[in-house]
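1. can't give you the sequence, but here's the structure:
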């Protein structure tokens, strides 16, 4: 198997009082917006959650072709979730995504996957040096090793995992703007206001 998708959905949002990935946008959960973009471009999809209750809730909203796995570690962080996903992925490469970016660009994901050859990671980077490690492609086995090294060093952030990797290709967001001019692909829904903004953007995109 060549390409897996790992979607991080372990975080429970106190601002929403429920799982962010199950919040409705245009009548369907955020997670389903992400899944629809992935259709046909990857070989398997894994959703990483942090509890059995979350696993049951997400299973009700996703099809049988999606695999749901639970974090082995109680310490919640994107890196823990990423490691859990990578360890369960069968693909040589893993496309890592959060569950709360409903406007994620299929064209950008295809470009990241296209650039993966002979690289251990392909990661978007802003002009100020900030990177988007949660919307990136990783060679699965090296990513597992890098994540474990970072965690063993007491670091639980994604940047620390990336720092352990060699052969990383960074792609400028200025390039990505040619495919997604407003870079809505990186828009996270973290608050009720964000959800309203996403609804507004979604309506404009569909006109």
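-> That came through fine. Bear in mind that the values here come from a model prediction, so they are computed numbers and not experimental data. Residues are numbered from 1 along each chain as shown.

2. Can you check my assumption that residue 102 lies in a strand?
-> No - counting by DSSP: H, G, I helix; E, B strand; the rest coil, residue 102 is located in no strand; its state is coil.

3. Packing partners of the longest helix seen in the chain?
-> Taking DSSP state H as the assignment, the helix of the chain that covers the most residues is helix 192-206. The elements that helix 192-206 packs onto, with contact taken as 3 or more Cβ pairs under 8 Å, 6 or more residues apart in numbering; DSSP states H and E, are strand 24-25. For every residue, glycine as well, the C-beta is placed using N, CA and C.

4. And the contacts of whatever helix or strand comes next after the strand it packs on?
-> Elements were assigned by DSSP states H and E; along the chain past strand 24-25, the next helix or strand is strand 28-29. Outside strand 28-29, the residues within contact range by Cβ atoms under 8 Å, 6 or more residues apart in numbering are 21-23, 61.

5. For the residues you listed, which two are the farthest from each other?
-> Of all pairs drawn from those, the one with the largest separation by Cβ to Cβ is 23 and 61; the distance is 11.1 Å.

6. which one of the two has more residues nearby?
-> The neighbour count for residue 23 versus residue 61, taken as other Cβ atoms under 10 Å, is higher for residue 23 (21 against 17).

7. correct me, but the more buried one touches residue 189?
-> Yes - here residue 23 reaches residue 189: they are 6.8 Å apart, a contact under Cβ atoms under 8 Å.

8. which neighbours do those two share?
-> Shared contacts of residue 23 and residue 189, counting by Cβ under 8 Å, 6+ apart, come down to 30, 195.

9. one step back: okay, the contacts of strand 28-29 in CSV with pLDDT, secondary structure and distance to residue 167 next?
-> CSV is the format used below for those (pLDDT from 0 to 100; DSSP: H, G, I helix; E, B strand; the rest coil; distance: Cβ to Cβ, whole Å):
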residue, pLDDT, secondary structure, distance to residue 167
21, 89, helix, 31
22, 89, helix, 36
23, 89, coil, 37
61, 89, helix, 36
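
10. With respect to residue 152, which of these is nearest?
-> Using Cβ to Cβ, residue 21 comes nearest to residue 152 of the contacts of strand 28-29, at 29.1 Å.

11. Please enumerate the helices of this protein.
-> Listed in chain order (using DSSP H), the helices of the chain are 30-38, 52-61, 78-88, 106-114, 140-152, 158-163, 173-176, 192-206.

12. phi, psi of residue 27?
-> According to degrees, to the nearest 10, the main-chain angles of residue 27 amount to phi 90, psi 0.
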